[in-house]
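> quick one, fold the following:
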Amino acid sequence: MKKFIITCTFFFIPFACLLAGVDFLAQPADERATCNTFSIVAFDPETNEWGIAVASKYLAVGSAVSWAKAGVGAVATQASVNVLLGNSALELMGKGKNAKETLDELIKADSGREIRQIGVVDKNGMTANYTGAKCNPWAGAKAGKNYTCQGNLLTGPEVLDSMAKGFEETKGSLGVRLLFSLAAGEKAGGDKRGKQSAALLVVKPNGGPNSLGDRWLDFRVDDHPNPIDELIRVANLTSRFKAVLKVK
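From the prediction side, this is the model:
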């Protein structure tokens, strides 16, 4: 009798779920799939540094968007994020492709190109960006000398205008300029859903601990009510940041 009850229960529960409209075997959606965000990728020829700053209403945005290698370039990959594009871009630039050639090759090979967004800066400061036609609006990019800003699901184009202005008009190290740009973008509206995480990555030759590796600055705030302010606070804890920014 016990065996009969257990057997009936095993078959009855899934059947009842189906009758109720519940997919008993459904897998949870991957909340990491769509990385709606705003970012800036840049190069400083005076210090030979490459970097990315990014913020979003997305958990741990720095884990998906930021890619850089000293002497090669930096990449931001976002929207319906394909993290494989980060390493692919660095490999292509490492083989001598410039930013535009790299981006053209990435887009051509990616069947999901219409839902991707990418920003690239190469070893010489040349930039390229791409926004797929099906990225969540407002979506677009704005580039200047040695930098490119890009974003999707933004409040409007004023976010990127403010980021570009902030980067161009700020004095100081690359890390400081990147975070000032990010803060300006948030002040202009940023991600229309709100804010959650932010990250800063700057690489330079022999920039790692004990001059090993290239990670000069690598800070992330994965979940915080005011992630950019917190990122600035954390960055200010090291003399390598050479900060002129203070959290208000």
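
> next one: Glu230 from Ala60, what distance?
13 Å (Cβ to Cβ, to the nearest Å). Yep, even glycine has a C-beta here, placed from its N, CA and C like the rest.

> ignore the last one, Asp214
22 Å.

> same question for Thr34.
Going from Thr34 to Ala60 by Cβ to Cβ gives 14 Å.

> how about Trp67?
Look at Trp67 and Ala60: by Cβ to Cβ, they are 15 Å apart.

> ok, those two, which is more surrounded?
Trp67 (23 against 16; other Cβ atoms under 10 Å).

> other residues contacting the helix or strand hosting that one?
Following DSSP states H and E, one finds Trp67 within strand 66-69. By Cβ atoms under 8 Å, 6 or more residues apart in numbering, the surrounding residues in contact with strand 66-69 are 39, 50-52, 54, 74-77, 86-87, 89-90, 94, 199, 201-203, 214.

> helices - which of those land there?
Among these, DSSP state H puts 86-87, 89-90, 94 in helices.

> Leu212 - how many residues pack around it?
Using other Cβ under 10 Å: Leu212 sits among 9 other residues.

> please read the previous query as pertaining to Pro209.
Neighbour number of Pro209 under other Cβ under 10 Å is 7.

> find the residue at the geometric middle of this protein.
Nearest to the geometric centre of the chain sits Val65, at 2.8 Å (Cα atoms, centre = their mean).

> quick check: that one vs Gln150, distance?
10 Å.

> list the residues that contact both of those two?
39, 76, 78.

> adding distance to Gly208, write those out as CSV.
Below are the shared contacts of Val65 and Gln150 laid out as CSV (distance: Cβ to Cβ, whole Å):
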residue, distance to Gly208
Ser39, 23
Ala76, 21
Gln78, 26
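
> looking at the residues you listed, which is nearest Glu105?
Of all the shared contacts of Val65 and Gln150, Ala76 has the smallest distance to Glu105: 16.9 Å, by Cβ to Cβ.

> so what pairs up with that closest one in the strands?
Note on Ala76: beta-bridge partners by DSSP bridges are Ser66, Gly119.

> is it correct that it is in contact with Gln150?
Yes: with contact defined as Cβ atoms under 8 Å, Ala76 and Gln150 form a contacting pair (6.5 Å).

> ok, which stretches of the chain are helices?
2-19, 62-65, 84-94, 99-109, 158-169, 174-187, 227-235.
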